[in-house]
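Engineer: sequence plus predicted model, see below.
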Amino acid sequence: MASGQTRWRDRDGGRILGIPFARTAAAGKPMKLPLLVVTTVLGLASLDGARADDIGRVKVSKGQVAIERGGAALPAPVGTRLQSADVVTTGSDGSVGITMNDDSLLSAGSNSRLALDRFVHDPATNQGRFNVSLNRGTLAVISGRIAKQSPDAMTVRTPAAILGVRGTEFAVRVGD
C-alpha cells in the first residue's frame, strides 16, 4: 500500500482515513477533509473553551447545588462555568467549592445563597474588583490575586455587615 493511502473507505468510495481525502459533493466539487476537521475542532473548542464572561468554575459539587442565571435555575455539577451576577444556591444536603479566575477559593455549605455580584480581573496586573453577597448559609474564603494585589478590592456583603478582605482566609455564617 502506498504512503498516504488507507484501506478504509466510506460507502461512496472516499477514503475515511488518509491524506488527501476527497469525495464528490452533490454539485460535483470535491469536499476536503481538512476543512471538515478544522470546522469540527473549532466547534468542539467553543463548547469547552472558556468564554470572556466566565469568572470561575465549580470544582466541587455535592448534593443539591444550583446556579440562578437570567431567571433560570441550572444544575451546577463539577466544571460548571460561572459568570458575574450568578447566584449559587445549595440545598440542605449541598455544598460547593468554587475557584475564581484569580485563584480565590470559595466554599459554601448547606442551605447557602451566594451572589457573585461583581468580578473583574486583569491577569497581567492582578488588578480588579471582586464583590460577593452571602444572603444565608456559610462561606469560607481563601482570597486570590485580586485581594493580595489591592487590599480594598474584595468585599463580602451579608445582611448585617460588609466585610473588607485583606488577602487572607476567613469564614462567615449568616443565620436564617
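Structural biologist: Received it, and whenever you're ready, just let me know what you need.

Engineer: going forward, measure contacts and count neighbours with C-alpha atoms only.
Structural biologist: Noted.

Engineer: spatially, and excluding backbone neighbours, which residue is closest to residue 158.
Structural biologist: Closest residue in space to residue 158, ignoring its immediate chain neighbours: residue 134 at 5.2 Å, by Cα to Cα, 6 or more residues apart in numbering.

Engineer: assign that neighbour to helix, strand or coil.
Structural biologist: In terms of secondary structure, residue 134 is strand; the call rests on DSSP: H, G, I helix; E, B strand; the rest coil.

Engineer: ok, it to residue 116 distance?
Structural biologist: Applying Cα to Cα, to the nearest Å, the value for residue 134 to residue 116 is 9 Å.

Engineer: re earlier: how many neighbours does the residue nearest to residue 158 have?
Structural biologist: Other residues near residue 134 number 22, with proximity taken as other Cα atoms under 10 Å.

Engineer: list the contacts of it.
Structural biologist: By Cα atoms under 8 Å, 6 or more residues apart in numbering, the residues touching residue 134 are 112-115, 156-159, 174.

Engineer: could you point out the helix or strand that follows the least confident helix or strand in the chain by mean pLDDT?
Structural biologist: Within the chain, no helix or strand scores below helix 33-48, which has a mean of 41 by mean pLDDT, DSSP states H and E. On the C-terminal side of helix 33-48, the closest following helix or strand by DSSP states H and E is strand 54-62.

Engineer: which residue ranges of the chain form helices?
Structural biologist: Taking DSSP state H to define them, one finds helices in the chain at 33-48, 145-149.

Engineer: so which elements touch the shortest one?
Structural biologist: Just to be clear, that refers to helix 145-149. Here helix 145-149 touches strand 127-142, going by 3 or more Cα pairs under 8 Å, 6 or more residues apart in numbering; DSSP states H and E.

Engineer: again, only this time at 10 Å
Structural biologist: strand 113-122, strand 127-142, strand 154-157, strand 162-165 (3 or more Cα pairs under 10 Å, 6 or more residues apart in numbering; DSSP states H and E).
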